[in-house]
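Undergrad: Sequence below, structure please.
(one chain, ligands or ions: 1)
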Amino acid sequence: MSASGAPPSASPRGGVKYGRLLKPAVFILCLLPLVWLAWRGFTDDLGANPIEAVIRFLGDWALRFLLIALAVTPVRIMTRRNEVARLRRMLGLFAFAYVVLHMLAYIGLDQVFDFHAIWRDVVKRIYITVGMSAFAMLTPLAVTSTDRMVRRLGGRNWRRLHRLAYLAGVAAVIHYILMVKAGYVQPGIYALILGLLLGVRVINAWRQNLSTTFASAIAAPK
Ligand code: HEM
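TA: This is a model prediction of the structure:
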């Protein structure tokens with residue numbers, strides 16, 4: 001999955017110097033939270049409620065990776081460093097993987113695969129409903145993240161579909177806000193970051209529109 005912007009096949013191939021090392025280095029970095037979680041489990045360092053700790057830890061990292069994936073295009077726009085775009089698909093897929101693990105921890109560890117209880121939760125607890133809708137939005141993005149799917153859908157449709165990543169981000173932040181009973185600082189920070197990322201995209205789209213309008217106005221026959 002790519003969070004937004006150009007399809008993976010259209011990613012620039014520049015930045016050869018970094019290119020070789022950047023991707024594997026980021027891949028290893030993305031695995032570190034899981035290693036840390038495994039270490040905490042192994043050393044009995046998950047606190048009084050280890051199941052809750054695992055679900056929350058994975059939820060936190062799912063949201064962080066989602067925001068990091070969404071940050072790729074704004075960072076590319078602001079720094080003009082096109083090589084960062086090559087990381088977008090991998091970061092998006094890591095976000096999805098952490099969401100799946102987060103959800104599996106809830107289904108398997110918390111609800112012990114009691115699907116009646118899970119359904120009751122989905123219907124009754126609004127934050128679970130919203131979390132599920134975020135997951136439902138991310139799934140088609142993960143499924144269509146391959147070059148083959150980009151070709152099948154066509155770049156335009158693919159880009160349109162992948163705008164869902166922003167909606168999934170909004171749903172994920174709402175899921176978090178609805179979940180907390182007190183202490184809105186942390187979800188508030190995530191909401192602010194998401195707002196800034198969306199803002200950069202909106203301003204950029206507006207600037208592009210404006211320059212296209214000017215260009216066609218200049219080119220128009222008098
Ligand atoms: C994009 C999808 C999702 C993201 C980014 C996400 C993220 C989060 C975050 C950040 C938290 C709060 C962690 C904390 O307090 O530090 C959380 C809590 C939680 N999430 Fe999600 N979530 C997602 C989807 C889901 C889904 C699909 C489910 C289950 C069906 C789910 C179930 C839960 C539960 C049960 C908690 C509360 C854990 C507890 O306090 O015991 N989430 N999630």
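
Undergrad: May I have the secondary structure class of F113?
TA: coil (DSSP: H, G, I helix; E, B strand; the rest coil).

Undergrad: wait, what's in contact with it?
TA: I107 (CB atoms under 8 Å, 6 or more residues apart in numbering). Where C-beta positions appear, they are placed from N, C-alpha and C, glycine not excepted.

Undergrad: now swap in the one 5 residues further on and tell me
TA: Neighbour list for I118: 107, 111 [criterion: CB under 8 Å, 6+ apart].

Undergrad: ditto for Q186
TA: Counting by CB under 8 Å, 6+ apart, Q186 touches 176, 180.

Undergrad: Could you say which helix or strand holds it?
TA: helix 185-219 (DSSP states H and E).

Undergrad: for L46, same thing?
TA: Element membership for L46, per DSSP H and E: none, as it lies in no helix or strand.

Undergrad: my read: it touches R40, true?
TA: Yes. The criterion here is CB atoms under 8 Å, and L46 meets it with R40 at 5.4 Å.

Undergrad: so what's in contact with those two at the same time?
TA: With CB under 8 Å, 6+ apart, L46 and R40 have common neighbours A53.

Undergrad: Determine the three-state secondary structure at the residue most central in space within the chain.
TA: Computing the C-alpha centroid of the chain and ranking residues by CA atoms, centre = their mean puts L66 first, at 2.2 Å. Following three-state DSSP, L66 is assigned to helix.

Undergrad: residues contacting it?
TA: Counting by CB under 8 Å, 6+ apart, L66 makes contact with 3, 95, 99, 138, 165, 168-169, 172.

Undergrad: Leaving aside the residues adjacent along the chain, what's closest to it?
TA: Nearest non-adjacent residue to L66, counting by CB to CB, 6 or more residues apart in numbering: A95, 4.2 Å away.

Undergrad: That neighbour: which element?
TA: Under the criterion of DSSP H and E, A95 resides in helix 88-104.

Undergrad: Quick check: buried residues in the next helix or strand after that helix?
TA: Using DSSP H and E, the next helix or strand after helix 88-104 towards the C-terminus is helix 115-124. Across helix 115-124, burial judged by 16 or more other CB atoms under 10 Å covers 118, 121.
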